[in-house]
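*Asks:* for reference, the sequence and a predicted model appear below.
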Amino acid sequence: MSLNTGSTWRTPAVARGRLRRLLVPLAVLVGALLVAFSLRVGGGAVQTWWGDNHRTIAPKSATMPTSSRIEQDWGIRFTVVKLLADNGLVELRYQVLDNNKANRLHADSTSLANLPTIYLEGTDKVVKSNSLLFHIHHEWDQGSDGRSYSIVYGNSGGALYPRAFVTIALPDGLKLQHVPVSG
């Protein structure tokens with residue numbers, strides 16, 4: 001009498017073949033995902049390392065430079081370049097020394113032509129006047145000598161970073177170089 005009642009028994013070789021057909025594509029998929037993840041994480045780590053190790057960083061005690069020519073021609077002294085709002089905004093603060101000369105910055109609040117441009121030193125990154133968000137200059141026409149005012153730009157693409165050095169360029173070509181960015 002035979003114990004085989006018509007059911008088919010699978011041999012171990014057949015079971016291994018079926019298992020192999022299922023596991024090989026799964027292993028290839030998992031391997032591809034691991035490679036993609038490694039490249040993404042590794043690429044980000046390299047980019048972070050490269051950016052952090054190849055930036056010019058101002059010492060914490062870096063002082064704000066001055067320009068007697070800018071003070072004479074424009075009647076202002078730049079006092080700080082500061083990053084705000086999680087580095088998304090750049091505040092350029094200045095003090096009015098001579099209201100009549102500083103009038104160029106204040107006279108036409110709709111014009112971007114007389115606003116400074118900020119260049120990240122050692123790169124081609126720039127924060128232009130068309131990135132202007134606010135130019136706070138209330139009561140400038142009422143004897144504002146000694147007052148401080150702010151120009152707030154957007155920091156598109158994170159062009160500036162804390163403790164970087166920048167150059168402030170005015171439309172007439174005057175520049176204030178090696179300005180540390182606080183923030």
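*Replies:* Looks like it came in fine.
*Asks:* confirm residue 101 sits in a strand?
*Replies:* No - looking at residue 101 with DSSP: H, G, I helix; E, B strand; the rest coil, it is helix, so not inside a strand.
*Asks:* with adjacent residues omitted, what lies nearest to it?
*Replies:* The spatially closest residue to residue 101, leaving aside those adjacent along the chain, is residue 75, at 2.8 Å (Cβ to Cβ, 6 or more residues apart in numbering). Bear in mind the C-beta positions are built from the backbone N, C-alpha and C, glycine included.
*Asks:* list the contacts for the one you found?
*Replies:* Counting by Cβ atoms under 8 Å, 6 or more residues apart in numbering, residue 75 touches 96-103.
*Asks:* which segments of this protein make up each domain?
*Replies:* 6-54, 68-182 (automatic domain parsing).
*Asks:* quick revisit: just name the lowest-scoring one in the contacts of residue 75, pLDDT-wise.
*Replies:* Among these, residue 103 has the lowest pLDDT, at 83.
*Asks:* am I right that residue 78 is in contact with residue 92?
*Replies:* Yes - between residue 78 and residue 92 there is a contact at 6.8 Å, judged by Cβ atoms under 8 Å.
*Asks:* common neighbours of these two, please.
*Replies:* In terms of Cβ under 8 Å, 6+ apart, residue 78 and residue 92 are both contacted by the residues residue 168.
*Asks:* cool, thanks, talk later.
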